[in-house]
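Student: Structure for this input, please:
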Amino acid sequence: MGLTIVLEDENGGAIQTLPKELQYDEFENVKLDDFILLKYIDFYGDTTFNTLQLDDLIGDFERLKPMNPSQSEIIQQIIDLAKKCQDEVHTYIKFYGD
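Tutor: Numbers count the residues shown, from 1 in each chain. Next up is the predicted model:
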């Protein structure tokens, strides 16, 4: 089970979708409450982050990366997507849960 991550425009149109899902079953041993924004990701619903939140989101994923080496590739892709979102106006990162 995983999260689909999409860079979207202001109308909810997909600009870029990551090819792999972020597997949330590997987060069982991670205390998400210790993170600024990761604790708000709804694994069973949808979660949207705007450009004002991206510095914290990137920081959370940078901290998470060494904790989940099996997911380091997708985590880096999320970081890169968030940085791309920072460079474009009226864009959002959306996590689609199951």
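Student: C-alpha only now, for contacts and for neighbours.
Tutor: OK.
Student: Check which strands are paired with the lowest-mean-pLDDT helix or strand in the chain and give the direction for each one.
Tutor: Lowest by mean pLDDT, DSSP states H and E among the helices and strands of the chain is strand 22-23, with a mean of 92. Sheet pairing of strand 22-23 (DSSP bridges) gives strand 2-9 (antiparallel).
Student: With adjacent residues omitted, what lies nearest to residue 95?
Tutor: Leaving aside its chain neighbours, residue 95 sits nearest to residue 5 (4.7 Å; criterion: Cα to Cα, 6 or more residues apart in numbering).
Student: Now do the same contact list for that neighbour.
Tutor: 17-18, 21-22, 78, 93-96 (Cα atoms under 8 Å, 6 or more residues apart in numbering).
Student: Name the member of those that has the highest neighbour count.
Tutor: Sorting these by how many neighbours each has (other Cα atoms under 10 Å) puts residue 93 first, at 27 neighbours.
Student: The host helix or strand of residue 75 - contacts with which helices or strands?
Tutor: Secondary structure from DSSP states H and E places residue 75 in helix 72-86. Counting contacts by 3 or more Cα pairs under 8 Å, 6 or more residues apart in numbering; DSSP states H and E, helix 72-86 packs against strand 2-9, helix 54-64, strand 91-96.
Student: can I get the CA coordinates of it in CSV?
Tutor: C-alpha atoms of helix 72-86 as CSV (Å, rounded to 0.1, in the frame of the first residue of the first chain):
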residue,chain,number,x,y,z
SER,A,72,15.5,6.5,-0.4
GLU,A,73,15.0,6.7,-4.1
ILE,A,74,11.3,7.7,-3.9
ILE,A,75,12.0,10.0,-1.0
GLN,A,76,14.6,11.8,-3.1
GLN,A,77,12.1,12.1,-5.9
ILE,A,78,9.6,13.7,-3.5
ILE,A,79,12.3,16.2,-2.4
ASP,A,80,13.1,17.0,-6.0
LEU,A,81,9.4,17.4,-6.8
ALA,A,82,8.9,19.7,-3.9
LYS,A,83,11.9,21.8,-5.0
LYS,A,84,10.3,22.0,-8.5
CYS,A,85,7.1,23.1,-6.9
GLN,A,86,8.9,25.9,-5.1
